[in-house]
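Visitor: Whatever this is, show me its structure:
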Amino acid sequence: MTRASRVLDLKELLEAREQGTVASFARQLGVSRRTVLRDLATLRERGLPIDAEGGPGGGVRLSEDRGLVGVHFAQDELVALWVATTVMARTVSTPWSKQAERGLTRMLASLPKERARSLRRLVKRVIVGRPASARVYAELGPVASGLLRVCEEAFWEGHVLSLRYRDRHGAETVRVVEPHGLLVESPAWYLLARDVDKQQARIFRLDRILKATPIEGRRFVPDIDGLHQQWVSQRNQ
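Guide: From the prediction side, this is the model:
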């Protein structure tokens with residue numbers, strides 16, 4: 001992350017909340033407290049009205065009522081919002097879930113046409129199903145550290161992955177896969193992939209993936225429809 005982008009991220013954090021601490025900003029940005037203090041000084045020099053208050057209950061905040069501000073979301077942030085809102089609406093009955101869906105629809109409708117088309121292609125590859133069964137819920141384990149980010153990047157960028165996987169019987173194998181899609185059956189997540197060596201459609205539960213490594217120089221073109229057709233054909237054999 002460049003310093004310029006980090007300072008902009010800090011500005012967005014300040015605009016998004018009433019108040020925060022230097023320590024909390026440092027954790028979110030992955031930097032030291034000293035770096036956050038230096039970036040806050042930079043924002044003050046650029047005219048951002050920042051107040052700081054010490055002691056219990058104190059923190060850092062913008063000193064003016066800023067009203068509504070324009071926000072520019074990254075593509076993966078928009079997909080994350082869509083997934084979170086869709087999962088909430090389909091799997092649990094919570095206050096404001098319908099309002100969240102309407103708000104998300106309005107936000108997506110405001111996107112430029114090309115960006116909206118690109119987002120629809122990505123969202124099509126993320127399938128929200130029914131909540132996990134009681135059996136799956138009971139046996140679900142934690143996802144390996146760092147695994148989510150690797151899978152996300154491979155999903156966005158079209159990288160082939162090498163997976164070390166433990167199946168439901170405890171047997172470990174190494175698979176080379178193309179991650180075409182993601183399935184959520186809350187709270188379980190699955191990678192919808194093509195096994196490159198066997199040329200078969202496969203589903204891998206994320207908490208059973210022990211390690212995922214991008215294979216340098218190997219890419220694929222996402223085709224969730226083709227993967228689905230292959231899966232149906234396999235099931236009918």
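Visitor: Point to the residue nearest the middle of the protein.
Guide: With distances taken as CA atoms, centre = their mean, the chain has Ala80 as the residue nearest its mean C-alpha position (4.8 Å).
Visitor: Low-confidence bits of the chain, can you list those?
Guide: Low-confidence regions of the chain, defined by pLDDT under 70, span residues 1, 55-58, 64-72, 91-93.
Visitor: In it, where's the longest strand?
Guide: Ranked by residue count under DSSP state E, the longest strand found in the chain is strand 172-185.
Visitor: Can you give the domain ranges for this structure?
Guide: Dividing the chain into domains by automatic domain parsing, as the record does, gives the ranges 3-62, 75-124, 134-236.
Visitor: tell me the most buried of those domains?
Guide: Among these, the stretch with the highest mean neighbour count (mean count of other CB atoms under 10 Å) is domain 134-236, at a mean of 15. Backbone N, C-alpha and C define where each C-beta goes, glycine included.
Visitor: How far does that one sit from its chain's centre?
Guide: Using CA atoms, centre = their mean, to the nearest Å, the mean C-alpha position of domain 134-236 is found 16 Å from that of the whole chain.
Visitor: ok, now stretch 75-95?
Guide: Between the mean C-alpha location of stretch 75-95 and the chain-wide mean there is a distance of 11 Å, by CA atoms, centre = their mean.
Visitor: which residues touch it?
Guide: 73, 97-98, 100-101, 104, 107-108, 111, 115, 118-119, 122-123, 126, 128, 130-131, 152, 156, 184, 186 (CB atoms under 8 Å, 6 or more residues apart in numbering).
Visitor: among these, which are in helices?
Guide: Cross-referencing the contacts of stretch 75-95 with the helices (criterion: DSSP state H) gives 97-98, 100-101, 104, 107-108, 115, 118-119, 122-123, 152, 156 as the overlap.
Visitor: Need the max-distance pair from the residues you listed.
Guide: Taking every pair in the ones in helices among the contacts of stretch 75-95 and measuring CB to CB, the maximum separation is 29.2 Å, between Lys98 and Trp156.
Visitor: Which residue ranges of the chain form helices?
Guide: According to DSSP H, the helices that the chain contains are 3-16, 22-29, 33-45, 75-91, 97-109, 113-124, 134-139, 147-157, 224-236.
Visitor: Need the ones you listed in TSV (columns: distance to Asp167).
Guide: TSV is the format used below for those (distance: least, CB to CB, whole Å):
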stretch	distance to Asp167
helix 3-16	40
helix 22-29	36
helix 33-45	44
helix 75-91	26
helix 97-109	35
helix 113-124	28
helix 134-139	12
helix 147-157	17
helix 224-236	17
